[in-house]
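S.K.: coords below, sequence missing:
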């Protein structure tokens, strides 16, 4: 019977073994990086959908209580207010309509849309969105607001670079002003 030769171990790995381990680690790292980056985009999209849902609900409730969409009428009240009064002029003054839109969603309002920071007297509606300003678009980091009066329910973004929000004062439609996400 032949004697079994003892196995000799030098205490190291061969080059082939090391290369196989490095390749396996690189593949795993690639999979992990892809999964992590996809989850970051997914969470931003979820935040965008949530923000749009909240803003759209606020716009709809405002319309139900006032008969017009926010930004169509002036936020400057005709009644006395002991707090901060609205200053937005409403549509068709673009800058004034943007201000009125935010004031009418974030303040107490009269039935005509006049805004006040204090709940009193005829300022009994709202606020519909509890913030001092529009939230940032989670995908772009901007809360810029572009107002239009196209009356187009199929409105889409025409921004050259991604912006914040786009809003039609005639239809109340609000979208992300970003061509990649305006369908949400």
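M.R.: Good, I have the coordinates. It should be emphasised that the depicted structure is a prediction, and the values quoted were computed from it without experimental measurement.
S.K.: can you name the next helix or strand after the lowest-mean-pLDDT helix or strand in the chain?
M.R.: Across the helices and strands of the chain, mean confidence by mean pLDDT, DSSP states H and E is lowest for helix 15-66: a mean of 88. Next along the chain after helix 15-66, taking DSSP states H and E as the criterion, comes helix 94-106.
S.K.: that following helix packs against which elements?
M.R.: helix 15-66, strand 115-116, strand 145-148 (3 or more C-beta pairs under 8 Å, 6 or more residues apart in numbering; DSSP states H and E). Any C-beta I mention is one placed from the backbone N, CA and C, and that applies to glycine too.
S.K.: pLDDT on that helix, on average?
M.R.: On average, the pLDDT along helix 94-106 is 94.
S.K.: show me what counts as buried in that helix.
M.R.: 94, 96-106 (16 or more other C-beta atoms under 10 Å).
S.K.: can you name the next helix or strand after that helix?
M.R.: strand 108-109.
S.K.: what's that following strand packed up against?
M.R.: For strand 108-109, the packing partners by 3+ C-beta pairs under 8 Å, 6+ apart are strand 115-116.
S.K.: pull the residues that contact the strand it packs on.
M.R.: Strand 115-116 has contacts (C-beta atoms under 8 Å, 6 or more residues apart in numbering) with 75-77, 81-86, 88, 100, 103-104, 107-110, 123.
S.K.: any of these buried? List them.
M.R.: Applying 16+ other C-beta under 10 Å to the contacts of strand 115-116 flags 75-77, 81, 85-86, 88, 100, 103-104, 107-110, 123 as buried.
S.K.: now the residue nearest the centre of the chain: closest residue in space that isn't a chain neighbour?
M.R.: Note on the chain: the residue nearest the mean C-alpha position is residue 137, at 3.2 Å, using C-alpha atoms, centre = their mean. Using C-beta to C-beta, 6 or more residues apart in numbering and skipping the chain neighbours, the partner closest in space to residue 137 is residue 164 (4.7 Å).
S.K.: ok, residue 184 next?
M.R.: Closest to residue 184 by C-beta to C-beta, 6+ apart is residue 49, at 5.7 Å.
S.K.: ok, how many other residues are close to that neighbour?
M.R.: 14 (other C-beta atoms under 10 Å).
S.K.: what residues go with each domain of the protein?
M.R.: Domains of the chain are assigned by automatic domain parsing as 59-133, 137-184.
S.K.: now the end-to-end length of the longest one.
M.R.: Taking C-alpha to C-alpha, to the nearest Å, the first and last residues of domain 59-133 lie 14 Å apart.
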